[in-house]
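**Student:** Predicted model and sequence below, questions to follow.
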Amino acid sequence: MKMKKLLLFLWILRVSADALHEELSIVGCSDSDGENMYGLDGEVKWYADFIKKEGVNAMPPFVDPITFTAGYENAVADLQVCRSNLNIIRTALKDLPPEKDPPNSPVIYTEDDVQLEQENTLICFVSGFFPPPVKVFWTKNGEKVTEGTSINVPIPNKDGSFHQISRLNFIPQQGDMYGCSVEHLALTEPLTRTWDVETTVPGVGPAVFCGVGLTIGLLGVAAGTFFLVKGNECS
């Protein structure tokens, strides 16, 4: 048995009203990490942030928020149960070594068309790794950047691996170079991909969406929906 089955427990519920919807609830754990999230139709709705010790409504402000009664407290209880079950199964299987799959090379693209001196967002897409999560670090002209960065929770792909998306809010200036570096348990050194303002102006956003959307569309629940929508804008 692979340790993938020991580290993560998934429940996927399909419900149908006027159309088919896919609901995803994840409770997972390892010795060092935990995850508890709820998603619908490829979008993360809510997740537990075990570092900040709070539940996070991941939807934009204009969407009606989802409320979970004692949501974070329940997530903490689920994490304790998950780790207890993990220890029981590990003992039964004599502590088999966990499977480790490294991530693919990250992909960097912009959220909007690039215009110099206009606020934009760089997106670093990382996929194909197990176990979750990855750590993502951003640089600007070789200097580490932390302000304006964020990363979503790990989302499962249909092959059992995971993907994550990290974002960096920035203002494009001619000649600037940005880097996205990814660390994971299965890597001996970080994977790094760079993005150069000078060589990508103008209009990098739709161009990358068109190219990436067709190849990544079937990777995962959330990523598939996101890239296919963006891909359709190019037709």
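**Tutor:** Perfect, thanks for sending it. None of the values given here were measured: they were computed from a predicted structure. Numbers count the residues shown, from 1 in each chain.
**Student:** If we ignore the residues flanking it in sequence, what's nearest residue 101?
**Tutor:** residue 130 (4.3 Å; Cβ to Cβ, 6 or more residues apart in numbering). Yep, even glycine has a C-beta here, placed from its N, CA and C like the rest.
**Student:** Quick check, that neighbour in contact with residue 160.
**Tutor:** Yes: contact status for residue 130 versus residue 160: in contact at 6.6 Å, counting by Cβ atoms under 8 Å.
**Student:** which of those two has more neighbours?
**Tutor:** Counted by other Cβ atoms under 10 Å, residue 130 and residue 160 do not tie: residue 130 has more neighbours, with 25 against 14.
**Student:** any idea how far that one is from residue 86?
**Tutor:** With distances taken as Cβ to Cβ, to the nearest Å, residue 130 is found 15 Å from residue 86.
**Student:** Output the lengthiest helix in the chain as PDB, nothing but the C-alphas.
**Tutor:** Longest helix in the chain, counting residues (DSSP state H): helix 71-92. The C-alpha trace of helix 71-92 is given here as PDB (Å, rounded to 0.1, in the frame of the first residue of the first chain):
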ATOM      1  CA  GLY A  71     -15.500  25.400  11.700                       C
ATOM      2  CA  TYR A  72     -11.900  25.900  12.800                       C
ATOM      3  CA  GLU A  73     -12.500  24.000  16.100                       C
ATOM      4  CA  ASN A  74     -13.900  21.100  14.200                       C
ATOM      5  CA  ALA A  75     -10.900  21.200  11.800                       C
ATOM      6  CA  VAL A  76      -8.500  20.900  14.800                       C
ATOM      7  CA  ALA A  77     -10.400  17.900  16.100                       C
ATOM      8  CA  ASP A  78     -10.300  16.300  12.700                       C
ATOM      9  CA  LEU A  79      -6.600  16.900  12.500                       C
ATOM     10  CA  GLN A  80      -6.100  15.100  15.800                       C
ATOM     11  CA  VAL A  81      -8.200  12.100  14.700                       C
ATOM     12  CA  CYS A  82      -6.300  12.000  11.400                       C
ATOM     13  CA  ARG A  83      -2.900  11.800  13.100                       C
ATOM     14  CA  SER A  84      -4.100   9.200  15.500                       C
ATOM     15  CA  ASN A  85      -5.300   7.100  12.600                       C
ATOM     16  CA  LEU A  86      -2.100   7.700  10.800                       C
ATOM     17  CA  ASN A  87      -0.100   6.300  13.700                       C
ATOM     18  CA  ILE A  88      -2.300   3.200  14.000                       C
ATOM     19  CA  ILE A  89      -1.900   2.400  10.300                       C
ATOM     20  CA  ARG A  90       1.800   3.200  10.300                       C
ATOM     21  CA  THR A  91       2.300   0.700  13.200                       C
ATOM     22  CA  ALA A  92       0.200  -1.900  11.400                       C
END
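**Student:** For the remainder of this discussion, apply numbering that starts at 6.
**Tutor:** Taking 6 as the first residue, the last one we looked at is helix 76-97.
**Student:** which strands and helices sit next to that helix?
**Tutor:** helix 9-12, strand 25-34, strand 39-45, strand 48-54, strand 59-62 (3 or more Cβ pairs under 8 Å, 6 or more residues apart in numbering; DSSP states H and E).
**Student:** Okay, now the sheet partners of the longest one, with direction.
**Tutor:** Note on strand 25-34: by DSSP bridges, its sheet partners are strand 13-21 (antiparallel), strand 39-45 (antiparallel).
**Student:** Also the fourth one?
**Tutor:** When sheet partners are counted by DSSP bridges, strand 48-54 sits next to strand 39-45 (antiparallel), strand 59-62 (antiparallel).
**Student:** So which bits of it are buried?
**Tutor:** Buried residues in strand 48-54, defined by neighbour count with 16 or more other Cβ atoms under 10 Å: 49, 50, 51, 52, 53.
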